[in-house]
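Asker: predicted model follows, preceded by the sequence.
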Amino acid sequence: MRVIKDVQTMFKLVSLFSGCGGMDLGFHQYGYNIVFANDIDNDAVKTYRKNLGDIVQKDIKEIHEDEIPDCDVLTAGFPCQPFSSAGNRKGVADERGTLFHECIRIIKKKKPQAVVFENVRGILSIKNDDGNKLIHSIERMMDDVGYYVEYKLVKASDYGVPQNRYRVLIVGLRKDLNKRFVFPKPIKSDKLTLRHTLNNLKPDIPNSEHWKLSPQSQEIVPYIKEGGSWKDIPYDKLPERMKKIRDNIKKYKSPNFYRRYSWDEICGTITAAATPENCGILHPTEDRRYTVREIARIQSFPDDFVFEAGSIAGMYKIIGNAVPPRLAYAIAGQISEILEGKVNVEEEFAEQLAIL
């Protein structure tokens, strides 16, 4: 894993809800010194330790502020399920929604120069019980503890990630610094297609196994052409539930099940569930899911980052939940340059990101 800068001269990072380390890897690659990381998931923790080092496996509600070192930057990918448009959207009514307050508790005590939150796009639309938008509540709470906040729905492929993955990034800078965060400009690249991303995969590379399809999927997937979807499957071969949807497709808002991206397309969002029905997890020309290593590449993890979990489904889950390291790298660089008072940072990012 390439480190661009000397970690002895860079900022200290505290990472909460660290997952398997996608966000942390991007910051590490830019040269940040990770002084504390935390997650509760067994598979995520096992992989993090394998690749990045120490991590505290503990419920954040049980971590006292004094257990956490001082830091310059704090990141937190607090649980996104309650805010997901694909989930139950309970939002703050869900107990997991209150975990954001644990982040505020720690930020208030540690007072880092910068804070980065990552979440799904649904966080922009979900409302609290009082009818106010959750994102505005987050802004208000961050303002109350002394931070100017900027947030944006970003597309990972704008920052060198070979995946059209949309996520909300919320970045706060401490008010006494008299600085505001500006998101880096998109970086153009013609090397993000599946053809480019999955080339030169050696058979002995770690994590080359794939999660076998269900019997139902094994039967219908061969009918789907490269670049196609469930619409390629003959009607008489469809499961009964899908026949009902096909019969009244407008009523069901024209879903695009079993999407199989072509070699010359950028892959869609890799999800934690890795279900071929609901995400583009199918290989362009082979009748199978992507291997663990293939989806790791689509998420921009380097080949020397090895995933370990209790099951292969667990590996797909932690990769799907991760922040793409290249996206994290771009944000880490922008924060660093802003805190250091440098200008014209976008050109430097484009050059540095190209060599990752």
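Answerer: In hand now; what should we look at?
Asker: pretty sure Lys179 sits against Leu339.
Answerer: Yes - taking contacts as C-beta atoms under 8 Å, Lys179 lies within contact range of Leu339: 7.3 Å. C-beta coordinates here come from the backbone N, C-alpha and C atoms, glycine included.
Asker: mind listing the shared neighbours of these two?
Answerer: Residues touching both Lys179 and Leu339 (C-beta atoms under 8 Å, 6 or more residues apart in numbering) are Leu173.
Asker: any weak-confidence spans in the protein?
Answerer: Along the chain, the model assigns pLDDT under 70 to residues 1-9, 80-97, 343-356.
Asker: most remote residue from it's center?
Answerer: Using C-alpha atoms, centre = their mean, the residue of the chain lying farthest from its centre is Asp236. It sits 37.8 Å away.
Asker: distance check, that residue against Lys243.
Answerer: 9 Å (C-beta to C-beta, to the nearest Å).
Asker: next: Thr197.
Answerer: Taking C-beta to C-beta as the criterion, Thr197 is separated from Lys243 by 35 Å.
Asker: when these two are compared, which one has more neighbours?
Answerer: Regarding Thr197 and Lys243, a neighbour count based on other C-beta atoms under 10 Å identifies Thr197 as having more, with 19 against 12.
Asker: that one and Gly160 touch, don't they?
Answerer: No - Thr197 is beyond contact range of Gly160, at 11.1 Å (criterion: C-beta under 8 Å).
Asker: where do the helices sit along this structure?
Answerer: All helices of the chain, identified by DSSP state H, fall at 22-30, 42-51, 99-110, 134-144, 194-197, 215-220, 240-247, 292-298, 312-321, 325-339, 345-354.
Asker: out of these, nearest to Leu173?
Answerer: Ranking those by proximity to Leu173 (C-beta to C-beta) places helix 325-339 first, at 7.3 Å.
Asker: packing partners for that closest one?
Answerer: Here helix 325-339 touches helix 22-30, strand 114-119, strand 166-174, helix 345-354, going by 3 or more C-beta pairs under 8 Å, 6 or more residues apart in numbering; DSSP states H and E.
Asker: tell me the most buried of these?
Answerer: Stretch with highest mean neighbour count among those: helix 22-30 (a mean of 27; mean count of other C-beta atoms under 10 Å).
Asker: could you dump stretch 192-207 to PDB, C-alpha only?
Answerer: Provided in PDB are the C-alpha atoms of stretch 192-207 (Å, rounded to 0.1, in the frame of the first residue of the first chain):
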ATOM      1  CA  LEU A 192     -12.700   3.200 -14.900                       C
ATOM      2  CA  THR A 193     -14.400   0.600 -17.000                       C
ATOM      3  CA  LEU A 194     -14.700  -3.000 -16.000                       C
ATOM      4  CA  ARG A 195     -12.300  -4.000 -18.800                       C
ATOM      5  CA  HIS A 196      -9.600  -1.800 -17.300                       C
ATOM      6  CA  THR A 197     -10.400  -2.500 -13.700                       C
ATOM      7  CA  LEU A 198     -10.400  -6.300 -13.900                       C
ATOM      8  CA  ASN A 199      -7.500  -6.800 -16.200                       C
ATOM      9  CA  ASN A 200      -4.300  -8.700 -15.200                       C
ATOM     10  CA  LEU A 201      -6.000 -10.700 -12.500                       C
ATOM     11  CA  LYS A 202      -3.700 -13.600 -11.600                       C
ATOM     12  CA  PRO A 203      -5.300 -16.900 -10.600                       C
ATOM     13  CA  ASP A 204      -3.200 -17.100  -7.400                       C
ATOM     14  CA  ILE A 205      -4.100 -13.600  -6.100                       C
ATOM     15  CA  PRO A 206      -5.700 -13.600  -2.600                       C
ATOM     16  CA  ASN A 207      -9.500 -13.600  -2.300                       C
END
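Asker: buried residues, it. List them.
Answerer: Buried residues in stretch 192-207, counted by 16 or more other C-beta atoms under 10 Å: 192-194, 196-198, 205, 207.
Asker: closest one of these to Arg293?
Answerer: Asn207 (4.4 Å).
Asker: the closest one and Phe307 touch, don't they?
Answerer: Yes - in this structure, Asn207 is within contact of Phe307 by C-beta under 8 Å, at 5.2 Å.
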